[in-house]
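[1] Return atomic coordinates for the entry below.
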Amino acid sequence: MKNIFPLLGTLSVLAIFLTGCTTALSASASMAPTSEVTLAASEPTNASVQPTLTAVKPTESFENNQAISVKTQPVKQPTLPTKPTATPQPTPTLGPDDWQNFPVIPTGVSERAKEIYHLGIANGTNPERFSKIGDCQNINTYFLALFDDPTRYTLGEDYQDLQPAIDYYAGSWSRDSIAIRGGFNVASVFNPWFNNKELCDKNESPVDCELRVNRPSVVIISMETWWNGDSTKYEGYLRKIVETVISYGAVPILATKADNVEGDHTINRSIAQVAYEYDIPLWNFWRAVQPLPRHGIESDGFHITHGLNDYSDPLNLRNAWPIRNLTALQTINAVWSALQAVE
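    A predicted model of the protein is given here:
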């Protein structure tokens, strides 16, 4: 009997890590009419700041983690050979609600993001690939995979300009990311227990494994939940994700979330603050769903409303899932276009 207790301890840890968005997404559609949705805004974006690759030191237990860099062959814990061209400047703190006015779609990319992108490509990242890091709101059943199947979406006349980006990143939309799983959060993506046993090294985290295996040049990061109700440590782990992605030479894109389960928008505020400090693109999904019925949220307060991914029909743009896929596509297109323009 005495051997049962270590097993119970292990199961308790797993239960903590897997707390989060574990409820299956609803398949029902909500089509209540409302005023027409504005997808993107052009309000002022983040002031330009220019941190180095390690702009903000991770908090608490992150101090001893070593950065991992891009190599054409899988090599553990190298250092990205870079010397920042810009002098770091003091970074002002955002006001508590400033993030709510950030545009849905980033209007461009910073010089720092361009530097990360080109250094990454020089060291082996693939410009035609992106990766996804996230929880249940990012699984292929609902998020982005449809753009690898022309029968699952209709752009309509208003969004035909997005087709080149769909074609350019063919294969990435429906890729089964090692760093996505229902129940994941900003901490558990670093736990080797949850990696892909066939593709990853035994002690390799899902994040490191995904970046090593896929070698993306862009990474979209969307993490909605925090497991213990105390969101104060969320920001520290998010910084660790961002720094890990940058160390591999990929440009992170951070996404705000539609819900406010924590009650005070702490998580969205943290997401925007990290994007602001690291001078990386922000996809402000929260703002995109504000005009929708119930702000695009189901009655459970967390999951978002369903509709068809037919963007030729305005009725579908009154539901959050079509808006999520469309604005994510628009964001990737905007970042890709800005990065390609400097080559």
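
[2] Show me where the stretch 51-200 of the chain has its helices.
    Applying DSSP state H, counting those that start in this stretch to the stretch 51-200 of the chain gives helices spanning 111-122, 163-168.

[3] These: which one's closest to Trp286?
    Trp286 lies closest, by Cβ to Cβ, to one member of the helices of the stretch 51-200 of the chain: helix 111-122, at 21.4 Å. C-beta here means a position set from N, CA and C on the backbone, and glycine is covered the same way.

[4] Only C-alpha atoms, please: export that closest one in PDB.
    Output in PDB follows, covering the C-alpha atoms of helix 111-122 (Å, rounded to 0.1, in the frame of the first residue of the first chain):
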ATOM      1  CA  GLU A 111      11.800  46.800 -36.400                       C
ATOM      2  CA  ARG A 112      12.500  44.400 -33.600                       C
ATOM      3  CA  ALA A 113      10.000  41.900 -35.000                       C
ATOM      4  CA  LYS A 114      11.600  42.200 -38.400                       C
ATOM      5  CA  GLU A 115      15.000  41.600 -36.800                       C
ATOM      6  CA  ILE A 116      13.800  38.400 -35.100                       C
ATOM      7  CA  TYR A 117      12.200  37.200 -38.300                       C
ATOM      8  CA  HIS A 118      15.300  37.600 -40.500                       C
ATOM      9  CA  LEU A 119      17.700  36.200 -37.900                       C
ATOM     10  CA  GLY A 120      15.500  33.200 -37.500                       C
ATOM     11  CA  ILE A 121      15.400  32.500 -41.300                       C
ATOM     12  CA  ALA A 122      19.200  32.900 -41.400                       C
END
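
[5] Buried residues of it, list them for me.
    Arg112, Ala113, Lys114, Glu115, Ile116, Tyr117, His118, Leu119, Gly120, Ile121 (16 or more other Cβ atoms under 10 Å).

[6] and the residue nearest to the spatial centre of the chain, which of the three is it?
    By Cα atoms, centre = their mean, the chain has its centre lying nearest to Ile221, at 1.4 Å. Here Ile221 is recorded as strand under DSSP: H, G, I helix; E, B strand; the rest coil.

[7] circling back to that earlier point, so which of the helices of the stretch 51-200 of the chain is nearest Ala255?
    helix 111-122 (15.5 Å).

[8] pull the longest helix from the chain.
    helix 320-340 (DSSP state H).

[9] Tell me what angle that one forms with helix 111-122.
    80 degrees (axes from the mean of the first three to the mean of the last three Cα atoms, to 10 degrees).

[10] If we ignore the residues flanking it in sequence, what's nearest Ala113?
    Nearest-residue entry for Ala113: Val251, 5.1 Å, with adjacent residues in sequence omitted and distances by Cβ to Cβ, 6 or more residues apart in numbering.

[11] how many other residues sit next to that neighbour?
    Residues near Val251, counting by other Cβ atoms under 10 Å, number 28.

[12] Same question for Gly156.
    13.

[13] list the contacts for it?
    Asp310, Tyr311, Ser312, Asp313 (Cβ atoms under 8 Å, 6 or more residues apart in numbering).

[14] Am I right that the third one is in contact with Tyr153?
    Right, Ser312. No: contact criterion Cβ atoms under 8 Å: Ser312 and Tyr153 do not qualify, at 10.1 Å.

[15] Just want to know which of the two has more residues nearby.
    Comparing Ser312 with Tyr153 by other Cβ under 10 Å, the one with more neighbours is Tyr153, at 22 against 11.

[16] before we move on, back to that, so can I have TSV of the buried residues of helix 111-122 showing pLDDT and distance to Ser270?
    Supplementary listing: these in TSV, determined by pLDDT from 0 to 100; distance: Cβ to Cβ, whole Å:
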residue	pLDDT	distance to Ser270
Arg112	95	20
Ala113	96	20
Lys114	96	25
Glu115	96	24
Ile116	97	21
Tyr117	97	24
His118	96	28
Leu119	96	27
Gly120	97	25
Ile121	97	30
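
[17] From the residues you listed, pick the one nearest Trp336.
    Using Cβ to Cβ, those come closest to Trp336 at Tyr117, 10.0 Å.
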